Structures are given as structure tokens and as C-alpha cells.
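Participant: Any chance you could fold what I've pasted below:
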Amino acid sequence: MPEIAEIARAVHFLRLHFVGKVVKHAEAIDDGNVFGKVGTDGPKMAAGLVGKKVVSAGTQGKYFWMELSKPPHLVLHFGMTGWIHIKGERTAYTNYYKKMKPDELDKWPPKYWKFKIETQDGDEMAFTDPRRFGRIRTVDCPGKDIRKYSPLVENGPDPVVDLDVFTEDYLREKMKSRRVPIKALLLDQAVISGIGNWVADEVLYHAKLHPEQYCNDFSDAEMKQLYESIRYVCQTAVDKLGDSDQFPDDWLFNYRWGKGSKNAHSHTPNGDKLAFLTVGGRTSCYAPARQKKTGQVVAGVKEEPLESAQEKDSPTKAPRTKVTKSNNQLERLEAEESKVKAERATPRKRKIKIEEDEEDTLTPKNTKAHPPKKPTRSEYFEDAKKPKGGAGPIQEAKVDISGRRRSGRLQSKAA
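Facilitator: Just a heads-up that it's a prediction; the model follows:
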């Protein structure tokens, strides 16, 4: 998202090409997000610009405006991907154009345009926004009072423009009256306008403060250092018009963007090891050895050290060994698999027979594997004739030569 320095860059080009000039033609797309969500009618707004003179352009944090000779005036916000393009001019920073295709560099109107104007002098400007999080609204008030109306009035002081408000005492009072992580305080646009994720990380890096330490748990000396770091980082970035190619070499900005890539920097030039913190979905880049805790830190902080490609391939790390199975284990597994397959392929009757045979083989000798058979009818009546209490041993039935069993009655007659 464009932050304080990028907004200053856009306003610089508006002042250079449009302030003092009269709008000859204006056109806007009826986009329900860019215009509609803030109650603006895009085509109607564009029609109202024709014939008006651009008196001035100003900035407050992440917002900027175009004051016209007659109200209503324009107040704009870039959102995540918004930008101002001027025909025949490279208004954006270097990395912005690296993401564009060659045939898109000089295309006019540019891709994803939402609003464009042309002056009587032939200058042309277009507002683009691929992701449509940007906002364009009109403010019906005297030009000098734009900042007294919404949305600017709800925002805190700009650390570059509003030096009469943004003082060391102002910052100290805000820090002592709140209990939130210091980075969350810096990102709160109602406290300070214009500081986003990378600026906040840069400020805390120079101030040597831990990003997730509670803002009311710092000493007066640390609060003073934080104020000076905010002023230094924001003023320097604005003076360079957000051109990162001109940022000082020792800035964290130059080394924080490589997370997960082969070109990642794991250290700053002075040797500070870098890491990322994640709390509630918000990621911070910092140097643990430099930005040490001096007070209570919010719970649930997840730290992830940043590794360069060389460190990832370093031989000092224990290589991962592939776990292999021994021959005996493999043979046992194969045998079990074969047995399972054989059981599935065996018909049910044959399977029962196999189970019976296995049971017989497991039964010890001189032991009955099955319960005794029920007595025959003749045996039942023969037992009933015997006196109770036992009258001697039961004689076994005799078998004739033919192998046929003789009845008990015949046996008694024979005897």
C-alpha cells in the first residue's frame, strides 16, 4: 500500500503539471467500489470538474486532495494499488514499472483507469486502481477548510506536514494513554497519519525497539528515540519522493522484501540478523539482536528467522536421511500381504475347512479338540437301566469282524 512517501510523490507531480491549470475534459467510470462506497457518483463528479481551475494539491498521511476554484473539491486515497499517471511522465517509483508488461508502459489511457482529466494546456492525468480499494470522494466546503471535514478530520497529524501538532510530547501522551503493541500504535491512522507497514518497521529498527512491546511500557528515553526515528525516516522518505533507489544503504527497507525467495537477505550490512514476527496475521520484519525487549510483549508472537539461499544450502545443517526398512521387515510385510490376499481369494467353505485344520494342528495331544458327541438312542436307554450311584465300569461295545457295531441287547444275550 502506498504510504506517506508515495503520497508525497504523487502530489509532487500534481503540483508540477496541474496546479494553476483549467480542466478541459474529465471522465470517470461508474465504479461501485472506488466511487460508490464513499457516496460519490463517478460520471457526475467528472462532469462537475470541467471549467474549474486546480488551485492547489495537498497531502495528509495516506490521503491527498485537489483544491478547485469552486467546491466540491476532490479527496483521494490510493488503497492497496492505486496510483496517479501523467501522460508522457514516469510518476511512479522503479519497482512499480518492473511489475508492468512492456506494452503497458506507454499505453493511454493506462490499464485499470477509473478517472482521468485533461487540462486546456494539454496535460493529461489518470487515476488507476487494479484491486479497486482506492477511494475518490468530493468534499463540499471552502478550500482552506478541507482538513476540517471527513475523512481528513478523523486522521491524526502528518509527521512531516504537521510539526506544530506532531511533537515529542504529543507522541509521549499517546503512548502512555494506550496499551497496545507499539507497532499497532504507529499504524493507527487516528494517532499518526501516513505510517504503514514498511515505514513502521523502519522506524522501530532505527529506534531499536521491539515491535510487539506494549507502547506504555517504554522509558522516556526510548519514547524520545522513537519520536526522532519517526521524524528521520518519514522526512527522508518524503524528501526522496518515495524513490527507494535513493534510500540510505543501511535502511531495513533494502533487505526486508526477500522473505521466501532465493535472493533473500538474512542480515543487514552491519551484521544484524533479520527475522519476521507474526501476531494476529500482521507481519513485522525486525533485527532481534538490535531490537531487544525492555518491557512486556504481547502474547502469541510467532518468530520466523530469515534465511538466505546460502544458509539454506549450508552443510552445517544436518542432512535429512531417508528412513529405509530392513530386508527382514520387508519380507515380513510381503508375507502378511500375501496371506491377506489369499484369504480374500479363498471361498467361504474352504476357508472354514482351513480354519478347522489350523485348529487341529494347534490342539495338544491327548486333548479333545471338540465337545463329546451326543449319545445314540440305544445308549441313552442303556444308561437309564443302570442303577444310580454307579454299578461298576461301563463295558465297551464289541465290534464284530465286519466292523459293524452290535447293539447292547445282542451283547447281553451273547454274554
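Participant: switch to C-alpha atoms for all contacts and neighbour counts from now on
Facilitator: Noted.
Participant: quick one: contacts for Ile29?
Facilitator: Counting by CA atoms under 8 Å, 6 or more residues apart in numbering, Ile29 makes contact with Gly42, Pro43, Lys114, Phe115.
Participant: Can you identify each of the strands in the stretch 1-150 of the chain by residue range?
Facilitator: 23-28, 54-60, 63-68, 73-77, 83-86, 113-119, 124-128, 135-139 (DSSP state E, counting those that start in this stretch).
Participant: right, and those - which one's nearest Gly242?
Facilitator: When the strands of the stretch 1-150 of the chain are ranked by distance to Gly242, counting by CA to CA, first place goes to strand 83-86 at 13.0 Å.
Participant: could you dump that closest one to PDB, C-alpha only?
Facilitator: Output for strand 83-86, consisting of C-alpha atoms alone and laid out as PDB, is shown next (Å, rounded to 0.1, in the frame of the first residue of the first chain):
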ATOM      1  CA  TRP A  83      -1.700   5.500  -8.500                       C
ATOM      2  CA  ILE A  84      -1.600   8.700 -10.400                       C
ATOM      3  CA  HIS A  85      -0.300   8.600 -14.000                       C
ATOM      4  CA  ILE A  86       0.600  11.600 -16.200                       C
END
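Participant: tell me how far it is from the chain's mean position?
Facilitator: Distance of strand 83-86 from its chain centroid, counting by CA atoms, centre = their mean, to the nearest Å, is 30 Å.
Participant: From the contact counts, what lies against it?
Facilitator: If contacts are counted by 3 or more CA pairs under 8 Å, 6 or more residues apart in numbering; DSSP states H and E, strand 83-86 sits against strand 124-128.
Participant: circling back: next, format the contacts of Ile29 as JSON lines and append pLDDT.
Facilitator: Listed next are those as JSON lines, based on pLDDT from 0 to 100:
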{"residue": "Gly42", "pLDDT": "96"}
{"residue": "Pro43", "pLDDT": "96"}
{"residue": "Lys114", "pLDDT": "98"}
{"residue": "Phe115", "pLDDT": "96"}
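Participant: Identify the farthest-apart pair in those.
Facilitator: Pro43 and Lys114, at 10.2 Å, using CA to CA across the contacts of Ile29.
Participant: Look up the residues that both of those two are in contact with.
Facilitator: With CA under 8 Å, 6+ apart, Pro43 and Lys114 have common neighbours Ala28, Ile29.
Participant: picking that back up, redo the strands of the stretch 1-150 of the chain as CSV? Include mean neighbour count.
Facilitator: Shown next, in CSV, are the strands of the stretch 1-150 of the chain (neighbours: other CA atoms under 10 Å):
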stretch, mean neighbour count
strand 23-28, 20
strand 54-60, 21
strand 63-68, 23
strand 73-77, 21
strand 83-86, 23
strand 113-119, 22
strand 124-128, 23
strand 135-139, 21
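Participant: Mind putting those strands into JSON lines with distance to Leu204?
Facilitator: Shown next, in JSON lines, are these (distance: least, CA to CA, whole Å):
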{"stretch": "strand 23-28", "distance to Leu204": "41"}
{"stretch": "strand 54-60", "distance to Leu204": "22"}
{"stretch": "strand 63-68", "distance to Leu204": "23"}
{"stretch": "strand 73-77", "distance to Leu204": "25"}
{"stretch": "strand 83-86", "distance to Leu204": "27"}
{"stretch": "strand 113-119", "distance to Leu204": "36"}
{"stretch": "strand 124-128", "distance to Leu204": "32"}
{"stretch": "strand 135-139", "distance to Leu204": "29"}
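Participant: Tell me which of these sits nearest to Ser219.
Facilitator: strand 54-60 (29.3 Å).
Participant: Okay, now the sheet partners of that closest one, with direction.
Facilitator: Each strand paired with strand 54-60, and its direction, by DSSP bridges: strand 63-68 (antiparallel).
Participant: Now do the partner strand, average pLDDT.
Facilitator: In this model, strand 63-68 carries a mean pLDDT of 98.
Participant: ok and that strand relative to strand 73-77, angle-wise?
Facilitator: On the basis of axes from the mean of the first three to the mean of the last three CA atoms, to 10 degrees, strand 63-68 is oriented at 160 degrees to strand 73-77.
Participant: Please renumber the chain so that the first residue is 36 from this point on.
Facilitator: Got it, first residue is 36 now, which makes that one strand 98-103.
Participant: can you give me how far strand 98-103 is from the chain middle?
Facilitator: 34 Å.
Participant: quick one: it to strand 58-63, angle?
Facilitator: Using the same axes, to 10 degrees, strand 98-103 lies at 140 degrees relative to strand 58-63.
Participant: Just want the angle from strand 98-103 to strand 170-174.
Facilitator: Compare the direction of strand 98-103 with that of strand 170-174 by the same axes, to 10 degrees and you get 40 degrees.
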